[in-house]
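Engineer: Everything below, folded, please.
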Amino acid sequence: MSTSKIDKLPPTKLQIRLLNVFVDGLGWGGGVHSLYRHLQREFGKDRIHPAMDDNGNVLFENGEFWEEKHKPKIIKQHSYEVAGKTYTYQTRKVTRNGKSRLERRKLIPTFRVVQGTGEPGFLELFYSP
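Structural biologist: Coordinates of the predicted model:
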């Protein structure tokens with residue numbers, strides 16, 4: 001596993017959908033800082049990104065995250081199974097004060113990804129609609 005820093009953590013499909021709703025649907029693309037603060041207020045800065053299947057899809061039930069209605073039984077360290085499909089939380093190794101631990105990915109995209117939404121074709125670099 002490489003320990004080098006990634007310039008821009010690629011957004012997940014869910015994060016791209018959130019950005020599209022906020023920028024295109026709600027028209028909150030007026031500025032990077034204000035958009036990022038809107039996302040933090042709406043979803044909380046520490047809210048964990050839902051687990052994803054192998055294709056990067058999140059499980060929904062009636063328009064809400066499945067995990068918020070059900071308590072998934074963790075089958076491995078950061079995975080659970082529903083209807084024969086395995087959903088896994090993205091994690092990264094974080095070292096602070098000499099202590100290492102695994103941390104799950106946050107729901108809102110990183111500031112650098114939000115910064116890139118103003119660049120033409122930026123989101124399409126990661127996923128095509």
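
Engineer: rest of the way, CA atoms for contacts and neighbours
Structural biologist: OK.

Engineer: distance of the residue most central in space within the chain from Trp66?
Structural biologist: The residue lying closest to the centre of the chain (CA atoms, centre = their mean) is Leu107, at 4.1 Å. Look at Leu107 and Trp66: by CA to CA, to the nearest Å, they are 14 Å apart.

Engineer: same thing with Leu18?
Structural biologist: 17 Å.

Engineer: quick one: the strands in the protein?
Structural biologist: 60-61, 64-65, 79-82, 85-88, 91-96, 99-104 (DSSP state E).

Engineer: Which one of those strands lies nearest to His33?
Structural biologist: strand 99-104 (23.7 Å; CA to CA).

Engineer: From the opening residue of stretch 20-39 to its closing one, how far?
Structural biologist: 12 Å.

Engineer: for the worst-scoring helix or strand of the chain on mean pLDDT, packing partners?
Structural biologist: Least confident helix or strand, the chain: helix 111-116 with a mean of 78, by mean pLDDT, DSSP states H and E. Identification of packing neighbours for helix 111-116 by 3 or more CA pairs under 8 Å, 6 or more residues apart in numbering; DSSP states H and E yields helix 32-43.
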